[in-house]
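Peer 1: sequence unknown, structure follows:
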C-alpha cells in the first residue's frame, strides 16, 4: 500500500510517483515526487507550519527552515502543534525513500 497520512482537514497520499494533497479549504493538488519539497518552520508558542510545494532543484525532500525560496508554486501551509510533527516526518521520510530522495 502506498504511504498515506490523514490529519483533521487534509489527506496526503502517494499515487505512484506523485503526491496527492487534499484539503477542505484548499483545492486538490498533485506534485511529482521528484519536485516535491516540504519545509517545516518553527513558530512561537510551540507551533509549526509545514509548507508543501515544489521546486525542481536537487535538495532534501523534507527539512526544517523557512519555506522561501526552497518551496515554490502553489504552496499548502499546514499549521500544527510541535508535538504533531513526528507523523509528518515519518510520512515524508517514507516518501523520500520511495523516490530516492533525502531528508535533512
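Peer 2: Done, it's in. This structure is a prediction, so every number in the text was calculated from the model and none was measured.

Peer 1: Spell out which strands sit alongside the strand of greatest length in the chain in the sheet and which way each one runs.
Peer 2: Criterion DSSP state E: the longest strand present in the chain is strand 72-81. If you go by DSSP bridges, strand 72-81 pairs up with strand 47-54 (antiparallel).

Peer 1: after the strand it pairs with, next one along is what?
Peer 2: Downstream of strand 47-54, the next assigned helix or strand under DSSP states H and E is strand 62-64.

Peer 1: re earlier: where's the longest strand of the chain relative to the chain centroid, distance-wise?
Peer 2: In terms of Cα atoms, centre = their mean, to the nearest Å, the centre of strand 72-81 is found 8 Å from the chain centre.

Peer 1: and what of stretch 20-32?
Peer 2: Here stretch 20-32 is found 11 Å from its chain centre; the criterion is Cα atoms, centre = their mean.

Peer 1: Equivalent analysis for stretch 45-53, please.
Peer 2: Distance, centroid of stretch 45-53 to centroid of chain: 10 Å (Cα atoms, centre = their mean).

Peer 1: I would like the residues contacting the longest strand of the chain, please.
Peer 2: 7, 10, 21, 23, 26, 29, 37, 46-55, 67, 88 (Cβ atoms under 8 Å, 6 or more residues apart in numbering). All C-beta spots, glycine's among them, are computed from the backbone N, C-alpha and C.
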